[in-house]
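A.B. asks: Provided below are the primary sequence and the corresponding predicted coordinates.
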Amino acid sequence: MNTPTRLKDCFAALKQQNRPALVSYLTAGDPDAETSRRLLHGLPDAGVDIIELGMPFSDPMADGPAIQKAALRALEGGQTQVKTLDMVRRFREQNSTTPIVLMGYYNPIYCYGVERFLTEAASAGVDGLIVVDLPPEHDEELCQPAAQHGIDFIRLATPTTDAKRLPKVLSNTSGFIYYVSVAGVTGGSAPTPERLEASVTQLREYTELPIAVGFGIRTAEQAATIGRFSDAVVVGSALVDCIEHASTADDAVERVHGLVSELAESVRVCRKVGESQVC
C-alpha cells in the first residue's frame with residue numbers, strides 16, 4: 001500500500017532529522033482508566049514519536065511479569081476492547097499526527113469479531129497492529145483484512161528467525177519491522193549492542209521497511225546505543241514498572257513521562273557527532 005500513513009510520515013520526518021523514533025508501550029487501562037488516559041495523552045509532549053498501546057489479555061504468554069501484572073491491573077479495573085478503542089478515539093480528538101499501534105493477542109480480537117474490530121479500529125484512528133500469536137500462515141484471518149482497512153500489520157522478527165523463515169514473516173508486513181532483541185519474554189535482559197547491530201544490518205538485506213528494536217531496553221544509555229543503528233527504539237517494561245512502583249496516580253504520570261523525556265533526549269542526539277552532548 002503506497003498511500004501516505006501516519007507511520008510513513010513519522011519515519012520519513014525522522015529520517016530527515018537523522019534520528020530514530022522513540023516508541024513507548026503502555027497497557028490500556030493500567031493502572032486505572034483515568035490515569036491511563038493521562039499517561040497516553042501526555043506521551044507526545046514528553047517526546048514519544050510512536051505509541052504502542054497494549055490490549056489487555058488474561059493470558060499474555062509473550063510478556064514478562066511487568067506487563068502481565070499491568071494487564072491484570074487493567075482487566076481488574078474493567079478495561080475492555082471497547083474502552084481501549086475509545087481511548088484511541090479520544091486521543092485522536094486532541095492529536096491527529098502521532099501514530100498509535102495496538103499490540104496484543106488474537107483471542108480478544110477474534111471474540112470481538114474481526115470485521116467489527118477492524119472497522120472500529122480504523123474509525124478510531126488506529127494505525128497499526130502487532131498481534132504476537134498470529135503467524136503468517138494465518139494472514140487471511142487478520143493481516144490481509146487489516147490492510148483492506150488501511151491498518152498496517154507489523155510483524156515480529158527474532159534472533160531465531162532464520163533466512164528460510166524470514167521471507168514468509170515479511171511477506172505481508174507493513175509499517176515497520178519489530179526486531180525482538182532477546183530470545184524470551186518482554187522485559188528480559190539487556191541486549192548486546194554488537195550482536196544487535198549485526199542482526200539489524202542483516203535484516204536490512206531483506207526489507208526496506210523501518211526496523212524497530214525492542215525487548216530489554218530500559219535506560220537512556222541503552223536507547224541511545226541502539227538508536228545509532230536502528231530506525232526506532234521500543235521501551236515498554238521500564239515504563240510499566242514506573243506505574244507499578246508509583247505511590248499515587250500523579251506519581252505514576254510523573255515517573256512515566258519523566259523517563260520518556262530522558263529516553264527522548266537520548267535518541268534525539270544519539271547520531272550527532274562532534275557536539276558537546278553525544279551519547
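C.D. replies: Structure received. Numbers count the residues shown, from 1 in each chain.

A.B. asks: what ranges do the strands span in the protein?
C.D. replies: Taking DSSP state E as the criterion, the chain carries its strands at 21-27, 50-54, 100-104, 128-131, 152-153, 155-157, 177-180, 211-214, 232-235.

A.B. asks: Dump those strands into a markdown table; add mean pLDDT and distance to Glu120 as well.
C.D. replies: In this view, the C-beta of every residue, glycine as well, is placed from N, C-alpha and C. Output for the strands of the chain, formatted as a markdown table (pLDDT from 0 to 100; distance: least, CB to CB, whole Å):
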| stretch | mean pLDDT | distance to Glu120 |
| --- | --- | --- |
| strand 21-27 | 98 | 19 |
| strand 50-54 | 98 | 14 |
| strand 100-104 | 97 | 11 |
| strand 128-131 | 97 | 13 |
| strand 152-153 | 97 | 17 |
| strand 155-157 | 93 | 23 |
| strand 177-180 | 94 | 24 |
| strand 211-214 | 95 | 25 |
| strand 232-235 | 97 | 25 |
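
A.B. asks: export those to a markdown table and tack on distance to Gln144?
C.D. replies: What follows is the strands of the chain, written out as a markdown table (distance: least, CB to CB, whole Å):
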| stretch | distance to Gln144 |
| --- | --- |
| strand 21-27 | 24 |
| strand 50-54 | 22 |
| strand 100-104 | 17 |
| strand 128-131 | 12 |
| strand 152-153 | 8 |
| strand 155-157 | 13 |
| strand 177-180 | 18 |
| strand 211-214 | 22 |
| strand 232-235 | 24 |
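
A.B. asks: how about these, which one is nearest Leu75?
C.D. replies: strand 21-27 (9.6 Å; CB to CB).

A.B. asks: Remind me what that closest one packs against, helices and strands.
C.D. replies: Here strand 21-27 touches helix 6-17, helix 33-46, strand 50-54, helix 65-76, strand 211-214, strand 232-235, helix 237-245, helix 249-269, going by 3 or more CB pairs under 8 Å, 6 or more residues apart in numbering; DSSP states H and E.

A.B. asks: And the last one, what's buried?
C.D. replies: Put plainly, it is helix 249-269. 249, 252-253, 255-257, 259-260, 263-268 (16 or more other CB atoms under 10 Å).

A.B. asks: swap in the first one?
C.D. replies: Of the residues in helix 6-17, those buried under the neighbour-count criterion (16+ other CB under 10 Å) are Arg6, Leu7, Lys8, Cys10, Phe11, Leu14.

A.B. asks: count of neighbours near the residue lying closest to the last one once chain neighbours are set aside?
C.D. replies: Just to be clear, that refers to Leu14. Leaving aside its sequence neighbours, Leu14 sits nearest to Ala21 (CB to CB, 6 or more residues apart in numbering; 5.4 Å). By the measure other CB atoms under 10 Å, the count of residues near Ala21 is 24.

A.B. asks: and Ala21, what is it in contact with?
C.D. replies: Cys10, Phe11, Leu14, Asp49, Ile50, Pro210, Ala212, Asp231, Ala232, Val233, Val267 (CB atoms under 8 Å, 6 or more residues apart in numbering).

A.B. asks: if we go to 6 Å?
C.D. replies: Leu14, Asp49, Ile50, Ala232 (CB atoms under 6 Å, 6 or more residues apart in numbering).

A.B. asks: give me the beta-bridge partners of it?
C.D. replies: In this structure, Ala21 bridges to Ala232 when assessed by DSSP bridges.

A.B. asks: Roughly how far does it sit from Val234?
C.D. replies: The gap separating Ala21 from Val234 is 9 Å, by CB to CB, to the nearest Å.

A.B. asks: export the helices and strands packed on strand 21-27 to a markdown table and tack on distance to Leu118?
C.D. replies: As requested, the helices and strands packed on strand 21-27 are exported to a markdown table (distance: least, CB to CB, whole Å):
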| stretch | distance to Leu118 |
| --- | --- |
| helix 6-17 | 17 |
| helix 33-46 | 21 |
| strand 50-54 | 16 |
| helix 65-76 | 22 |
| strand 211-214 | 23 |
| strand 232-235 | 24 |
| helix 237-245 | 27 |
| helix 249-269 | 29 |
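
A.B. asks: Of the ones you listed, which is nearest Tyr106?
C.D. replies: That would be strand 50-54 among these, by CB to CB, at 14.0 Å.

A.B. asks: Counting by contacts, list what the closest one packs against.
C.D. replies: If you count contacts as 3 or more CB pairs under 6 Å, 6 or more residues apart in numbering; DSSP states H and E, strand 50-54 packs onto strand 21-27, strand 100-104.
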